[in-house]
Every structure is written in C-alpha cells, then in structure tokens.
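Participant: Need coordinates for the following:
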Amino acid sequence: MRDTARIAWFTPLRPIVSGISNYNEELLSVLGQFWPIDVFVDGYSPQPFQSFGLLRIFPAREFERRDKRREYASVVYQFGNSPAHAYMYELARRRPGVVVLHDTVLHHLMLSMVLRRGGSARYRTIMSERYGEAGRLAAEGVLQGRMPRALFDYPLSESLIERADHVIVHSAFSRNQILGWLPSAAVSVVPMGIRVPPLISRAAAREQLDLSPDAFVIGSITLVNPYKRLDVVMRALSRLRRRRPVQLLIAGSVSPHVPLQRWIALYGLEGVVETLGFVDDRQARLIAAAADSLVNLRFPTAGETSASLLRIMAAGRPVLVSDAGSFQELPDDVVAKVPVDALEDDTVEALLAAFAERGDLSAQLGANGRAFIECEHSVNQMVAGYARVLRHVVGLDLPEPPLVDVREKIDLLLGDRNRPVDQLIDSATKAMLELGLAGEDRLLHDVAEAVSDLGISPAKMESDGAPDGRREGKYELDQQETKPISDELLEILACPVCKTAVRLEAGKLVCDTCGRRYRIEDGIPIMLVDEAEMPTKN
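Facilitator: Numbers count the residues shown, from 1 in each chain. Predicted coordinates:
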C-alpha cells in the first residue's frame, strides 16, 4: 500500500445546485472523520458544509501548488452531467485519479463547455473525431435543435475514462455500459447510499397532511423535467379515475419546459392532480408515507442512479419505475417496472389498478423495496464501497471506517401541518430553473431560501430574473455570459418550418415569420416543430 497521505477530492457542495452536492456532504461527513481529505471547490464558500476533523476545504486554484509538494496520494473527481463540474474537467485529464461518474453520459456538460470556449466548430470536431461521420451528423442536428436525443446516444465521457486511474459508478448497468465503450477500462461499482427514513403508517401521515383516509393517492416526489414522463402517468389516471376516486400529488420544482398545467387541463384532471412545488424533507417523507403508490418514471437516462427513487423506495410503498437504464437491474420483487413502449400508458394504468385492488400485493412490494434499500443502499454500503476501491484497488494506506447509524434523523410526527408554501422561495426556485440551474430539488430550495433571506421580492425576480434598479455595490453579470446560447450559435439557427433566421427573446428563440417560439435547455436549442409554442391569436 502507498504511505498514508491526504486525498484530494473535487466536488460541488451547497449552495451549488447539483444533486451530487448532497451526496458528497453525506459521504464526506463520515469519511472526513477517519481519512485526511482536502476538498477543492470552484472558488466559493460552501454552506452549510465546513471543514471538520481530518477534512479541509480549499478553492480549486490552490490544488496544483499543493500537488507539486506531493501532498496527495490520490485525487477523487466527482462528475455529473452538468456545468457545475466543468472546473475539474481539464485537471482530471492532466492529473489522473479516481473518476466517479454519477452519470455515464456527460454530453450536456461537454456541450456547455465547448460552446463557451471553442464554439460550434470545436463541438463538430470533437464529435467527428470520437464517433466518425455519425457523430458529425449528430452534432449538426444538436446545433440546429433537431436531435436532443443525441445528447444521450453519444456520451462524450470516454476521454475522462481513458485517462482515469480507476472509475467508480453506482450500478452494474453503468459499468457494463462503460466496458462496452472501452473494454480495457478499470471500473468498480459502489452503491449509492442514503439514510433510511423512519417508517410511519399511512393513516398517521395522512392525518399530518390532512388527506382523505379513503382516497387512492399516488405520489411523485422529484424534480419535474421532460424525462420524468408525468404525461404518461396522467393519461393513465384519466382512465383509472372512471373506476375509482384517485389523487395525484406532485411534489417537486417544475421545469419551465414541462407544460404541467396544460396536461392537467388536457386530460381532464382538475381536482385530481395537486401540484405542491418544492417541499422540504419532512413533507417529502410524509407524502411518500401517505401514498398508496409512488411513481418515478424516467426515460431516456444518462446512466444515473436516482437518490430520489431510493428515498421513496425506503418509504415502504410500491413504486413504479421505467424498465430502462440502471433501473432494469433492480430486483423484480422490489419495484414495478414499466416498459417504455407503445403500451406504457396501459401498463401504468393496470399496475396502479392492481395496487388499488390488491392491498396484499401493494404491502409486500413496498416492504420488499424498503428491505432492499436497508440492505443494499445504506450509507454504510456506500462508505464500504469507497474504502474497498481506495484501500484495496488504488492501494492507499487508509483505516477501515467503522459502521455508522444509517437512520435519517427526522421527526415526521411533529411540527405544523400543511405549512404554507413560501411564495418568495417558490419564485426564486422557478427563476433558477428558467436559468437552466437544474439539480436535486432540495438543493434548488436551499439556494432559493438564501435568495429569500436577502429580501428580493418575487416581483423583482420576475423582471429579467434579477432585482429591479440594481443599487451601487451590487454585482452585475456580464451580459454575454448570461445569454442562454452564444451569438455564434444564434447566427446559424433557422426556423425548421420557415427556414428563416430566429432571434432571442425572453430566453426563447422566436421566428418572426410564423411566430413560433422554441425553448432552450441547458444552452441547447430545442427546435422541434411539435414542441414549439404557437403565437397567440388576437
């Protein structure tokens, strides 16, 4: 084994909006007690996570100076498919270490980096060099907004994997995916771990939430984006409600690219669907416990393992998942899997009906799911996985971390019932989503709450996403940096219907000929005719 030395650890931490922030705070709160770790962040002060025990926090700019003194036996890079990880990308290529891929597909991250630094020509070159003519054509489609699916078909994570000393993923699916791309890669599976919430009865949870004890309640507790397939769930509910009273609770911030209210009206579900927006951890656990069934569909996937899915499985209620990606390897007796095919709506309807009619089936599947999380996805399983890789595979001389209490410290049966939504926090969260700052819902709320503490009113936030009348001493972002797409990309875009140029207005691409408005997601124009907003008729 290598002599005992510090580990350098690159990850976003709160207030950066990334689900990986929460993951690392949970993990480092254990490892930092026993291992010497220096965490490097992108030049901000993490809150509320701070240095403690053997763990120190530094700005990333200090790493190379310290590394020249040979302070670090290894470097751990925590990567996800978002711009929050851009600051560590080039360093991970220059200074190889252990790369943790929370998403095996990093196309969104790479595209945002390349368009900002090298322009569309560089993006075409990278895609062509890595994937040949198919990659070049896919790049052209992405740049013209015609092929958002290509963001999942071409991972652009190979360069990191090739240079890594070792790669950690969270599922066998992700490991097999990487070995299919690069058969010589060194890859280990370390399960994602969560703290298991207390188990409470459905009746007690419904009493806390003032929900009817008799309704068949379905819960969705996750950030709502276009890949979560809630339109499928609503179509199934529109038929199921003809046979029995049903209620769908949607808890989670909603991406502006999801027409949730339009779906509710289209499928005649007014009074059936309740959108709650962001809810805190306590409310989320209560909703999961109060539900008869929970849904966590998603397709396509970027090879991720979902922490929100693990948490609702731990509630002891039956959960519906898409039969795709890493979710396929979940045992058949712990979740209900929904194939993504022409019968998807029918399958969701049939499964929900079965859970409504077969209480024994529902109870058994829920109990199996919770037992699976306790056994396979606890914090101790996660910590042991890192110890195995860093001590025995990489060869670091580190002590074996002891077992810790895996239970979540949260009291579900105390506190005010139905606490009102803070409109200021809700507005701040929506503003961040419109800026493309998608991440785990809890993190979005933490940052929004900080904005609320500054006293910025919802009315001011809705004005161009910033306070009116900036006062002296306030920072102003460079106008070019805040544009959702680059000027270079804007110049080559055209309306797919009229073939005329488009202009940028209020964060969308507008065709003055036909009036269609095309959305932009994470710096990528989505110029699909059937998803465009049509002009309002006077």
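Participant: What's the biggest helix in the protein, counting residues?
Facilitator: Across the chain, the helix with the greatest residue count (assigned by DSSP state H) is helix 119-143.
Participant: ok now that one, how far from the chain's centre?
Facilitator: Relative to the mean C-alpha coordinate of its chain, helix 119-143 is positioned 26 Å out (CA atoms, centre = their mean, to the nearest Å).
Participant: again with stretch 40-59
Facilitator: 22 Å.
Participant: what about that stretch, how long is it end to end?
Facilitator: In terms of CA to CA, to the nearest Å, the two terminal residues of stretch 40-59 are separated by 5 Å.
Participant: re earlier: report the rounded mean pLDDT for the longest helix of the chain.
Facilitator: Averaging pLDDT along helix 119-143 yields 93.
Participant: got the CA positions of the very next helix or strand once past that helix in CSV?
Facilitator: In the C-terminal direction, the helix or strand that comes right after helix 119-143 (DSSP states H and E) is helix 150-153. Below are the C-alpha coordinates for helix 150-153, written out as CSV (Å, rounded to 0.1, in the frame of the first residue of the first chain):
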residue,chain,number,x,y,z
ALA,A,150,-28.2,12.6,-29.5
LEU,A,151,-27.2,14.1,-26.1
PHE,A,152,-27.9,10.6,-24.6
ASP,A,153,-26.6,8.5,-27.5
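Participant: Which strands and helices lie in contact with the longest helix of the chain?
Facilitator: In this structure, helix 119-143 packs against helix 107-117, helix 150-153, helix 487-492, with contacts taken as 3 or more CB pairs under 8 Å, 6 or more residues apart in numbering; DSSP states H and E. All C-beta spots, glycine's among them, are computed from the backbone N, C-alpha and C.
Participant: what comes into contact with the last one?
Facilitator: The one in question is helix 487-492. When contacts are defined by CB atoms under 8 Å, 6 or more residues apart in numbering, helix 487-492 is touched by residues 115, 119, 120, 143, 144, 480, 502, 503, 504, 509, 525.
Participant: List the buried residues in it.
Facilitator: Applying a neighbour-count criterion of 16 or more other CB atoms under 10 Å, the buried positions in helix 487-492 are 489, 490.
Participant: quick check: mean pLDDT across whichever helix or strand comes after it?
Facilitator: Beyond helix 487-492 on the C-terminal side, the first helix or strand identified by DSSP H and E is strand 503-505. Along strand 503-505, the predicted local confidence has a mean pLDDT of 90.
Participant: And for the residue nearest to residue 281 when sequence neighbours are not counted, the neighbour number?
Facilitator: Spatial nearest neighbour of residue 281, chain neighbours left out: residue 410 (6.1 Å); criterion: CB to CB, 6 or more residues apart in numbering. Residue neighbour count, defined by other CB atoms under 10 Å, stands at 15 for residue 410.
Participant: and residue 217, helix, strand or coil?
Facilitator: Per DSSP: H, G, I helix; E, B strand; the rest coil, the local secondary structure of residue 217 is strand.
Participant: just checking, it touches residue 294?
Facilitator: No - assessed by CB atoms under 8 Å, residue 217 is found out of contact with residue 294, at 9.6 Å.
Participant: which one of those two has more residues nearby?
Facilitator: When residue 217 is set against residue 294 and neighbours are counted by other CB under 10 Å, the residue ahead is residue 294, at 28 against 24.
Participant: which residues sit in contact with residue 46?
Facilitator: If you count contacts by CB under 8 Å, 6+ apart, residue 46 has them with 13, 14, 15, 57.
Participant: quick one on the thing from earlier: now distance to residue 281 too, for the helices and strands packed on helix 119-143, in TSV please.
Facilitator: Supplementary listing: the helices and strands packed on helix 119-143 in TSV, determined by distance: least, CB to CB, whole Å:
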stretch	distance to residue 281
helix 107-117	27
helix 150-153	30
helix 487-492	39
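Participant: Could you point out the helix or strand that follows the helix or strand residue 264 falls within?
Facilitator: Of the helices and strands defined by DSSP H and E, residue 264 is found in helix 260-266. Moving toward the C-terminus from helix 260-266, the next helix or strand (DSSP H and E) is strand 273-277.
Participant: ok, back up a step: out of the contacts of helix 487-492, which are buried?
Facilitator: When burial is judged by neighbour count using 16+ other CB under 10 Å, the buried members of the contacts of helix 487-492 are 115, 120, 143, 502, 504, 509, 525.
Participant: out of those residues, who's nearest residue 356?
Facilitator: For these, the residue nearest residue 356 by CB to CB is residue 525; the value is 42.4 Å.
Participant: my guess is that closest one meets residue 510, correct?
Facilitator: No - at 11.7 Å, residue 525 and residue 510 do not qualify as touching, with contact defined as CB under 8 Å.
Participant: what is in contact with the two at once?
Facilitator: When contacts are counted by CB under 8 Å, 6+ apart, the set common to residue 525 and residue 510 consists of residue 518.
Participant: hmm, back to that, which pair of the contacts of residue 46 spans the longest distance?
Facilitator: Most distant of the contacts of residue 46, by CB to CB, are 15 and 57, 13.7 Å apart.
Participant: And residue 397, how close does it get to residue 142?
Facilitator: 46 Å (CB to CB, to the nearest Å).
Participant: Compare neighbour counts for those two and give me the winner.
Facilitator: When residue 397 and residue 142 are compared for neighbours, residue 142 comes out ahead with 24 against 11, by other CB under 10 Å.
Participant: What is the neighbour count of the closest residue to the more buried one other than its chain neighbours?
Facilitator: Nearest residue to residue 142 in three dimensions, chain neighbours excluded: residue 150, at 5.3 Å (CB to CB, 6+ apart). Residues within reach of residue 150, counting by other CB under 10 Å, total 21.
Participant: Now do the contacts for residue 150.
Facilitator: Residue 150 makes contacts with 107, 138, 139, 141, 142, as judged by CB under 8 Å, 6+ apart.
Participant: Narrow the residues you listed to those that are buried.
Facilitator: By neighbour count, with 16+ other CB under 10 Å, these hold 107, 138, 139, 142 as buried.
Participant: Quickly check the contacts of residue 150 for the two that are furthest apart.
Facilitator: When CB to CB is used, the two most widely separated members of those are 107 and 141, lying 12.6 Å apart.
Participant: the longest strand in this structure is where?
Facilitator: Among all segments of the chain classified by DSSP state E, the strand with the greatest residue count is strand 72-79.
Participant: So what does the closest residue to residue 268 other than its chain neighbours have for phi and psi?
Facilitator: On the basis of CB to CB, 6+ apart, the spatially nearest residue to residue 268 that is not a chain neighbour turns out to be residue 238, at 6.0 Å. Geometry field for residue 238 lists phi and psi as phi -60, psi -30, criterion degrees, to the nearest 10.
Participant: And residue 238, how close does it get to residue 131?
Facilitator: Between residue 238 and residue 131 the distance is 41 Å, computed by CB to CB.
Participant: Could you do residue 282 as well?
Facilitator: Distance of residue 282 to residue 131, given as CB to CB: 46 Å.
Participant: what about stretch 308-326, how long is it end to end?
Facilitator: Across stretch 308-326, first to last residue, CA to CA, it's 14 Å.
Participant: What distance do you get for the residue nearest to residue 274 when sequence neighbours are not counted to residue 289?
Facilitator: Taking CB to CB, 6+ apart as the measure, residue 274 lies nearest to residue 249, with 5.4 Å between them; neighbours along the chain are not counted. Here the criterion is CB to CB. By it, residue 249 lies 12 Å from residue 289.
Participant: quick one: which of those two has more around it?
Facilitator: Neighbour comparison, residue 249 and residue 289: the larger count goes to residue 289, with 25 against 21 (by other CB under 10 Å).
Participant: quick one: contacts for the more buried one?
Facilitator: Under the criterion of CB under 8 Å, 6+ apart, the contact list for residue 289 reads 199, 200, 201, 202, 204, 205, 315, 316, 317, 412.
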